[in-house]
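Chemist: Fold the following for me, if possible:
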Amino acid sequence: MKPLYLFLGLCLAITPVEAQTPGVEWPTSTPELLGYDSQALTILNEFISENAATTGMMVVVNGKVIHSYGKVKQLSYLASCRKSVLSMLYGIYVDRGKIKLDKSLKELDIDDRQ
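Modeler: Modelled structure (predicted):
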């Protein structure tokens with residue numbers, strides 16, 4: 001089974017794939033068909049309901065919803081999440097050595113001045 005990563009009460013399975021955009025309805029699949037464990041997601045639901053003020057969450061793998069929790073169609077206020085989202089997006093590439101965090105912006109030839 002593939003690991004599920006827990007970030008600030010959110011469960012995200014991060015696997016780089018070609019971008020897929022759902023239509024009006026998101027296609028679904030069972031966790032097991034995509035290599036994940038339904039029992040782990042049930043445990044996550046219990047953890048969230050007991051420990052977090054999360055209104056809703058979806059676990060999407062290869063463009064298919066394998067799990068949802070709460071009111072996923074309800075618009076929620078979200079603040080101070082930029083670092084967490086970037087960490088989730090970049091973490092796997094850092095782990096695989098494709099992105100080096102020990103280099104300075106100058107070493108990467110990045111200049112934030114106009």
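
Chemist: For the rest of this, base every contact and every neighbour count on C-alpha atoms.
Modeler: Noted.

Chemist: so how far is Ser80 from Met88?
Modeler: Computed with CA to CA, to the nearest Å, the distance linking Met88 and Ser80 is 14 Å.

Chemist: Between the two, which has more neighbouring residues?
Modeler: Per other CA atoms under 10 Å, whichever of Met88 and Ser80 has more neighbours is Met88, with 17 against 7.

Chemist: ok, that one to Asp95 distance?
Modeler: Where Asp95 is concerned, Met88 sits at a distance of 11 Å (CA to CA).

Chemist: can you check Leu105 too?
Modeler: 20 Å.

Chemist: Tyr36 too?
Modeler: Taken as CA to CA, the span from Tyr36 to Asp95 is 20 Å.

Chemist: Those two: which has the busier surroundings?
Modeler: With neighbours defined as other CA under 10 Å, Tyr36 and Asp95 compare such that Tyr36 has more, 18 against 10.

Chemist: Report pLDDT for the more buried one.
Modeler: At Tyr36, the model reports a pLDDT of 93.
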